[in-house]
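*Asks:* I would like to see how this sequence folds:
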Amino acid sequence: MQQLRLAYSRLCKEGGAEPQEAVLQRLQELPRGRLDLAAQSLTVDTCRALGKLLPKDALLTEVILSDCMLSEEGASLLLQGLCANTIVRFLDLKGNNLQAAGAEALGQLLRQNKSIQSITLEWNNLGSWDDAFATFCGALAGNSALQQLDLRNNQINHKGAEELALALACNTSLQQLDLRWNSIGLLGGRALVNCLPRNRGLWRLELAGNNIPGDILRAVEQAIAHSQQRQAASRENQARTQVLSKEVQHLQEEKSRQFLDLMETIDKQRKEMARSSRASAARMGQLQEALNERHSIINALKAKLQMAEAALALSEQKAQGLGELLATTEQEQRSLAQRQAKEHRLEQQEAAEPESKLLQDLSADNEKNLLLLNQVDELERKVRSQQEQLFLARQELTNTVAELKARAIQAEERLELEKKRSRQSSEDLEQLRAKEVEHMTRHLEESERAMQERVQRLEASRLTLEEELSRVKAAALSERGQAEEELMKAKNQVRLEEQQRLAHLEEKLRLLVQARDEAQSACLQQRQTVADAQARASQLGLQAEGLRRRLEELQQELSNKDQEKVAEVTRVRVELQEQNGRLQAELTAQEALKEKVAALERQLKVIAGDHREALLDRESENASLREKLRLKEVEIARIREEEAQRANFLQNAVLAYVQGSSRRATSPQK
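*Replies:* Numbering: from 1, shown residues only. Prediction:
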C-alpha cells in the first residue's frame, strides 16, 4: 500500500491540493487488496485523486467508502474511476446520502463495469429521484456481473419498485437483493411479485419494513422458494451434466488411451516385423554369401576340373604319341628283324665265315631290342598309372560336383524355407494386427454407441424428471402455503430429534473408541508382558506364542468390531440423510407428509433400538474380552510365580551342590 499512498500524494500535488493526513495514515495501515476509508470525510480533491488511481491499480479487490460524507461531485469522480477497473469485486457506499447525480453515476458504473459483484448502498437517498433511479434500474437490467445489491433505507417508493421489477425481469445475474425499510407499499410489492416468475437467478429478496401486505409477502416468499428450488434443480442438473461430461471425458480418455495402446501395439508389431524382416534379410544375406562362396568353390573346382581335363588331354596326347612311337618302334624292330633275318640269311648264304660276327651283331641287336621292350613296358606302366590317376581325378571331380550340387540344393531349399517362413510370419503378424485393429475398432464403436445411448437415456430421464418436477411443483403450489407451517414444525422437531440421536450416538461412539483405545493399550501392555516372560523363560515360548496369536486375533476382532460400529453409524447417518431427503421430497401433500413422518419416526425408533441393542452387544463383547484379558493376566502372573519358585528351587539346589562339593573338597585335606 506504500505505492498507493505515494501515488495518492503525487496526484494531489499535481492537482494543486494537499493530501489529507487521515487518508494517508489509513492508506499506510491498509491490508493488501483492500481500500478501507470508512468514516473518513473525503474532499473533492481526494475523490478526484482516488478516481484517477482506481483504473490503474491492479491489486484492490474491495473498496469500502461507507460514511464518508461524499458530495455529488466526489461520488461521481470515484464512480467514474471505477468504470474502467476490472479487479474490484466489492464496493461499499453505505451512508453517503447519494442522490440524483450519484444514482446516474451508479447507472454508468453498472453499464461499463463488468467485474463488481457486490454493491452496498444502505442509508442513501437514491429512491427520492424517480428519473435518476429509473436510470439506475435501466443500467441494472443490462448488467451481467452484479450478484448482490443492498438498497436498504433508500426512500424507494412504489414507482421505484416498479422500475426495479422491470430491471429484475431482464437481469440474469443478480442473486440477492435487500430492499428493507423503504416505502414500496402494495403496488410496488405486486410489481415485484409479477416480475419474479420471469427472473431465474434471484434466490433472496428481503422486503421487511415496506408496508407490504402479508399475502404479497407470502407470494414473494413462495416465488423466492420456487427460484431456490429451480436453482437447486439447475445446480443438480449442472452437477449431473458435469458428472456426465466427466464420464464422457473419461470414456474419451479411455478410448484415446486404448487407441494409443493399440497404436503402440501396432508400432511394436511393425518394429517386430521390421526386426524380423531385417533378421530374415540378414539371414538371407548370410545364405546368399554362403551360396556365393559355394558358387566360387564350384567355379574353382570347375577351373581345377578344366585344368585336370587339359592335363588329361595332354597325357592322352603324350600316351598317344608314346603309342605311336611304340608302334613305330615295333614296326622298326620287326622291319629290322626282317632285314636282319634277310641279311642273316644272305650272309649265311653268302658266307658262313662272318657268322660269329653276325651272331655278335644279332646279340647286340637283341640287347637293343630288350632295352626297347623294357622302355615300351615302362611307358605302358606310366600310361596305365596316368590313366588310373585320371580316372581317380574324374571320380573325385564327379563326387565333388555331386556334393556341391547337393549342398547348393540344400542351401536353396533352406533359403526357400526361410523365405516361406518369413512370408508366413509377416502374413500372420499382418493378420493379427488387422484382427486386433478390427477388434479394438469394434469395441470402441460399441462403447461409443453405448455411451451415446446412455447419454440419451440420461437426457431423456432428465427431461422427464424436469417435466415431472414442474408438474409436481405446479400441483403443490396451491397446497404449500397451508403445509409450510406444519412442515417447518415437523422439520424442526425431526431435526432436533436427529441432532439428539446423533449426539447420543456420537457420545456412545466416543465411549466405544475410548474403550477400544484402552483395550488396545491393555493389549500392548499384555504383549510386552508376554515378551518379557518369553525372554525370561524360553520353555514357555510356545505358550507365549499361542497367547500372542490369541491377542492378535482379539485385536483383529476389536478392529473388525470397530469397523462394524463405524459402518453401522455411517449407515445410520446415511439412512437418516436419505430419510431427510425423502421427507423434503414428499412434502407435496399434507396427509402423505404426516404418514411418512410417522413412518420415519417408527423406523428411527426401530433403528435406534437395533443400534442400542447392537451397542449393548458390543459392550457385552468388550466386557467378555476384558474378562478374558484379566484371566490371561492372572494366568501369566501365576506362570511368573511358578517360574520364580522354579528359579528359587534351582538356586537352592545349585547352592546346596556348591556347598556339598566344597565340603567334599575340604574333607580329604583334613
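*Asks:* What is the burial count for residue 43?
*Replies:* Residue 43 has 18 neighbouring residues, counting by other C-beta atoms under 10 Å. Where you see a C-beta, it was placed from the backbone N, CA and C, and this is true even at glycine.
*Asks:* hang on, I meant residue 160
*Replies:* Using other C-beta under 10 Å, the number of residues around residue 160 comes to 27.
*Asks:* Quick check: which helices or strands does the helix or strand hosting residue 616 pack against?
*Replies:* Secondary structure from DSSP states H and E places residue 616 in helix 590-669. In terms of contacts (3 or more C-beta pairs under 8 Å, 6 or more residues apart in numbering; DSSP states H and E), helix 590-669 is packed against helix 355-536, helix 541-585.
*Asks:* Now do it and helix 541-585, the angle between them.
*Replies:* Relative orientation of helix 590-669 and helix 541-585, computed by axes from the mean of the first three to the mean of the last three C-alpha atoms, to 10 degrees: 170 degrees.
*Asks:* So for helix 590-669, mean pLDDT?
*Replies:* Predicted confidence along helix 590-669 averages 79 (mean pLDDT).
*Asks:* State the phi and psi torsions of the residue nearest to residue 68 when sequence neighbours are not counted.
*Replies:* Spatially, and ignoring its direct neighbours in sequence, residue 68 is nearest to residue 42 (4.8 Å; C-beta to C-beta, 6 or more residues apart in numbering). Geometry field for residue 42 lists phi and psi as phi -90, psi 130, criterion degrees, to the nearest 10.
*Asks:* Turn the helices and strands packed on helix 590-669 into CSV, columns for distance to residue 128, mean pLDDT and mean neighbour count.
*Replies:* As requested, the helices and strands packed on helix 590-669 are arranged in CSV below (distance: least, C-beta to C-beta, whole Å; pLDDT from 0 to 100; neighbours: other C-beta atoms under 10 Å):
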stretch, distance to residue 128, mean pLDDT, mean neighbour count
helix 355-536, 36, 74, 13
helix 541-585, 44, 74, 14
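*Asks:* Kindly reformat these as CSV and extend each row with distance to residue 106.
*Replies:* Written out in CSV, the entries for the helices and strands packed on helix 590-669 read as follows (distance: least, C-beta to C-beta, whole Å):
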stretch, distance to residue 106
helix 355-536, 36
helix 541-585, 40
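*Asks:* Please could you give me each C-alpha atom of stretch 31-43, formatted as CSV?
*Replies:* Presented in CSV, the C-alpha positions along stretch 31-43 are these (Å, rounded to 0.1, in the frame of the first residue of the first chain):
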residue,chain,number,x,y,z
PRO,A,31,-4.0,-4.6,4.3
ARG,A,32,-3.2,-5.8,0.8
GLY,A,33,-6.0,-5.8,-1.8
ARG,A,34,-8.4,-3.7,0.3
LEU,A,35,-9.1,0.1,0.3
ASP,A,36,-10.9,0.9,3.5
LEU,A,37,-11.6,4.6,4.1
ALA,A,38,-14.8,4.2,6.1
ALA,A,39,-15.8,7.1,8.3
GLN,A,40,-13.3,9.4,6.6
SER,A,41,-14.5,12.8,5.4
LEU,A,42,-13.2,12.8,1.8
THR,A,43,-12.8,16.0,-0.1
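*Asks:* Neighbours of residue 212, how many?
*Replies:* 24.
*Asks:* in which helix or strand would I find it?
*Replies:* Using DSSP H and E, residue 212 is not contained in any helix or strand.
*Asks:* roughly how far apart are it and residue 190?
*Replies:* 9 Å (C-beta to C-beta, to the nearest Å).
*Asks:* again with residue 107
*Replies:* Using C-beta to C-beta, one gets 25 Å for the distance from residue 107 to residue 190.
*Asks:* so where is the stretch 51-200 of the chain shaky, pLDDT-wise?
*Replies:* With pLDDT under 70 as the threshold, the stretch 51-200 of the chain has low-confidence stretches at 57-58.
*Asks:* Tell me which stretches of it form strands.
*Replies:* Taking DSSP state E, counting those that start in this stretch as the criterion, the stretch 51-200 of the chain carries its strands at 62-64, 90-92, 118-120, 148-150, 176-178.
*Asks:* now the stretch 201-350 of the chain
*Replies:* Listed in chain order (using DSSP E, counting those that start in this stretch), the strands of the stretch 201-350 of the chain are 204-206.
*Asks:* in it, which spans are helices?
*Replies:* Along the stretch 201-350 of the chain, the stretches classed as helices by DSSP state H, counting those that start in this stretch are 214-350.
*Asks:* Name the residue in residue 107 and residue 190 with the higher neighbour count.
*Replies:* More neighbours surround residue 107 than the other of residue 107 and residue 190, with 22 against 19 (other C-beta under 10 Å).
*Asks:* which residue sits closest to that one in space, ignoring its chain neighbours?
*Replies:* Of all residues apart from its sequence neighbours, residue 139 sits closest to residue 107 (C-beta to C-beta, 6+ apart), at 3.7 Å.
*Asks:* next one: residue 422
*Replies:* Counting by C-beta to C-beta, 6+ apart, residue 422 lies nearest to residue 280, which is 3.9 Å off, once chain neighbours are set aside.
*Asks:* Residue 543 too?
*Replies:* Leaving out its chain neighbours, the residue that sits closest to residue 543 by C-beta to C-beta, 6+ apart is residue 639, at 7.8 Å.
*Asks:* How about residue 211?
*Replies:* residue 185 (5.2 Å).
*Asks:* Can you report how many residues neighbour residue 304?
*Replies:* A count of nearby residues for residue 304, using other C-beta under 10 Å, gives 14.
*Asks:* Pull up the gap between residue 97 and residue 49, please.
*Replies:* Counting by C-beta to C-beta, the gap between residue 97 and residue 49 amounts to 22 Å.
*Asks:* Looking at these two, which is more packed in?
*Replies:* Here residue 97 and residue 49 are compared on neighbour count by other C-beta under 10 Å; more neighbours surround residue 49, at 27 against 14.
*Asks:* contacting residues around the residue nearest to that one when sequence neighbours are not counted?
*Replies:* Beyond its immediate neighbours in the sequence, the residue positioned closest to residue 49 (C-beta to C-beta, 6+ apart) is residue 11, lying 4.0 Å away. Residue 11 makes contact with 48-49, 52-53 under the criterion C-beta atoms under 8 Å, 6 or more residues apart in numbering.
*Asks:* List the contacts of the residue lying closest to residue 231 once chain neighbours are set aside.
*Replies:* Using C-beta to C-beta, 6+ apart and skipping residues adjacent in sequence, the residue nearest residue 231 is residue 203, 5.4 Å away. Residues touching residue 203, when contacts are defined by C-beta under 8 Å, 6+ apart, comprise 175-176, 224, 227-228, 231.
*Asks:* Filter these down to the buried ones, ChimeraX style.
*Replies:* For anyone working in ChimeraX, the buried entries among these, judged by 16 or more other C-beta atoms under 10 Å, can be selected with:
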select :176,224,227,231
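*Asks:* List the buried residues for stretch 594-607?
*Replies:* Residues of stretch 594-607 classed as buried by neighbour count (16+ other C-beta under 10 Å): 596-597, 600, 604, 607.
*Asks:* Turn those residues into TSV, columns for distance to residue 456.
*Replies:* Converted to TSV, the buried residues of stretch 594-607 look like this (distance: C-beta to C-beta, whole Å):
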residue	distance to residue 456
596	34
597	38
600	36
604	40
607	39
